[in-house]
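model this:
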Amino acid sequence: METWQVETAAFESALESARHFDEPKTREHLIQFRGHNHPELTSLLNDSHFIAIRVFSSDGEVLSEAWKSISNGLQSAVTAHVHDFPTAGASHRNWIRSGGEDFVQVVLPLAERGGKPMAYFEGIYRIDARMQQAQKERVRNSSLIALISAFAASILFYPILLGLTRRSMTLSQSLLESNIEMMQTLGSAIAKRDSDTDSHNYRVALYTVRLAESMHRPNNEIMELITGAFLHDIGKIGISDQILLKPGKLTPDEFETMKLHVTLGEEIIAHNSWLLKARTIVGHHHEKFNGSGYPNGLKGHVIPFSARLFAVVDVFDALTSKRPYKPALPLAEATKIIDGERGRHFDPEIVEAFLLQAERLYDEIGCASRDVLQRKLAQTVQKYFGRDTSAPG
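Numbers count the residues shown, from 1 in each chain. From the prediction side, this is the model:
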C-alpha cells in the first residue's frame, strides 16, 4: 500500500503543476503555439516541474511540443502510449517507467467552447528523486531488519528446526492447502461485493482452464491462470460501493478511481510470494489488444498471453451473468460482442479458440449451480496443484 500512496501523491503533484497551465492567459498562449520546441513553450517548460509538454488540438492532433534533454526510450514510451482525452473537468494520468526512473503523464482539457475542450495539455513529470530515495531506504532498511531477524532466529531455533525436518513434507502440504484456501477466500470475498455470489470466480477459473487446455498451455501457466482468475479483481477492496455498484456509466473521474483497482491489487499481493502467481492477470487483465486499455496501454503481443486469454473469459462471464446493476445477456448476444471485439479488445487467435467451444463451455460451466462449480473446481485444483480439496463454502 505504501507504493500506491507514493504513486497517488506523485499523481496529485503532477496534476497540481498541470493546472497552472489552465489559467486564462497561459492557455490562450498555449492554443496559439505551433511546432516542435516552440520558443515560448520551451520557456514555459523550463519554468515548470515538467520535463516535456505537448499541446493537442480538440481532435487529438499534436499542435506543439517541447522536451528537455531526455532519453530516446522515454520519448518513445510517451509518444507510444495511447491515452484518453478527458472531458471537461476530468483528467487522464499514466505511470511510465523508463531507464530505471518513474514518470507521470497527465492530460488536462484546456479552454471550453460550448462545453467542449478546445485543446489539451499534456505534461510529463519526473518523480522527485528524494521521494524515490526515501522509498528505497525504507525498503532497504526493512530488508536489512528482516535479514538480521531471520539470521538471529535461525541460530536461536536451529535445534528445533532440525528436529522438525522429518515433518517438512507434511508442513509443506499444509502450507499449500492454506495458500489455496486463502486464494479462494480472498477471491470469493471480492466477487461477492459486485456479484452477490462467488460463483463468478469459480466460472472464470474453469473457463480459463478449459480454454488454456484447448490451446495446449503448460501446467505451470495454468496454475498461474487459476490463481489470477480468483484474485483478478482483489484491488476492488479499495473501491467504494458508490462507484463499484453504481448502475449506469461512470463519470470520467469515477472511472479514473475505478482503474486504481489494478494498482491496488498489485500492491495487495506484492508481499506474498505465493499470491504473486496472480500478478500478470491482476496487473494486465484490463489491457486491450489495440493498446487502448489500462493501466499501461500495452498493445498486441506485448500484453502477456495469460492476461489476453483471461480478458476474453472475464468479459464473457460478465456479459452472461446477472449483476446487481445489470441483467444477463443471452449466449448468442454475448458471443457476438466477443467476436466483434477481436483485434480491438481481444487477441483474435484466442477469440477464435474460445468461440469454437463457447456454447459447450457455457452449457457446462455458465449454467451450472454453485455446488457443481465447486466440485469441478476442486477436481481442477487437485489436477494442477496436487491437492484433494473442496472450494470453501
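
what pLDDT is listed against residue 136?
Among the per-residue scores, residue 136 holds a pLDDT of 49.

so residue 96 belongs to a strand, correct?
Yes - under DSSP: H, G, I helix; E, B strand; the rest coil, residue 96 sits within a strand.

contacts only, for it.
When contacts are counted by C-beta atoms under 8 Å, 6 or more residues apart in numbering, residue 96 touches 74, 77-78, 81, 102-105, 124. The way it works is simple: take the backbone N, C-alpha and C, and place the C-beta from them, glycine included.

buried sites along stretch 297-308?
297-299, 303-308 (16 or more other C-beta atoms under 10 Å).

any of the contacts of residue 96 buried? List them.
74, 77-78, 102-105, 124.

just checking, which of those belong to helices?
74, 77-78 (DSSP state H).

now do the contacts for residue 272.
So residue 272 contacts nothing (C-beta under 8 Å, 6+ apart).

and the gap between it and residue 278?
For residue 272, the distance to residue 278 equals 10 Å [C-beta to C-beta, to the nearest Å].

the lengthiest strand in the chain: partners in the sheet, and parallel or antiparallel?
When the chain is parsed with DSSP state E, its longest strand is strand 101-113. Neighbouring strands of strand 101-113 in its sheet, by DSSP bridges, are strand 92-98 (antiparallel), strand 116-126 (antiparallel).

so what's residue 81 up against?
Contacts of residue 81 (C-beta under 8 Å, 6+ apart): 94, 96, 105, 296-297.

host element of the residue lying closest to residue 262 once chain neighbours are set aside?
Once flanking residues are discounted, residue 262 sits nearest to residue 295: 5.1 Å by C-beta to C-beta, 6 or more residues apart in numbering. Using DSSP states H and E, residue 295 is not contained in any helix or strand.

what's the closest of the buried ones among the contacts of residue 96 to residue 66?
Here the nearest of the buried ones among the contacts of residue 96 to residue 66, counting by C-beta to C-beta, is residue 124; it sits at 10.6 Å.

in the sheet, who's paired with the closest one?
residue 52, residue 105.

tell me the pLDDT of it.
For residue 124, the model assigns a pLDDT of 85.

and if you look at residue 29?
Per the predicted model, pLDDT is 74 at residue 29.

helix, strand, or coil at it?
Residue 29 is classified as helix under three-state DSSP.

could you find the closest non-adjacent residue to it?
In space, residue 29 is closest to residue 40, 6.5 Å off (C-beta to C-beta, 6+ apart).

and the contacts of the helix or strand where the one you found lies?
Using DSSP H and E, residue 40 falls within helix 39-46. The contact list for helix 39-46 (C-beta under 8 Å, 6+ apart) reads 21, 26, 29-30, 33, 51-53, 55, 64-68.

stretch 351-362 now?
Counting by C-beta under 8 Å, 6+ apart, 207, 210-211, 214-215, 312-313, 316, 320, 331, 335, 338-339, 341-342 sit against stretch 351-362.

give me the buried subset of those residues.
For the contacts of stretch 351-362, a burial check counting by 16+ other C-beta under 10 Å picks out 207, 210-211, 312-313, 316, 320, 331, 335, 338, 341-342.

now, which of these sits nearest residue 288?
In terms of C-beta to C-beta, no member of the buried ones among the contacts of stretch 351-362 lies closer to residue 288 than residue 341, at 8.5 Å.

re earlier: turn the ones in helices among the buried ones among the contacts of residue 96 into JSON lines, columns for pLDDT and distance to residue 224.
JSON lines is the format used below for those (pLDDT from 0 to 100; distance: C-beta to C-beta, whole Å):
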{"residue": "74", "pLDDT": "77", "distance to residue 224": "31"}
{"residue": "77", "pLDDT": "78", "distance to residue 224": "27"}
{"residue": "78", "pLDDT": "78", "distance to residue 224": "31"}
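
confidence score at the residue nearest to residue 29?
On the pLDDT scale, residue 40 gets 81.

same question, the one 10 residues further on
Here the pLDDT value assigned to residue 50 is 82.

burial count for the closest residue in space to residue 266 that isn't next to it in sequence?
Take residue 266 and drop its neighbours on the chain: the residue closest to it by C-beta to C-beta, 6+ apart is residue 283, 5.1 Å away. Per other C-beta atoms under 10 Å, the neighbour tally for residue 283 reads 22.
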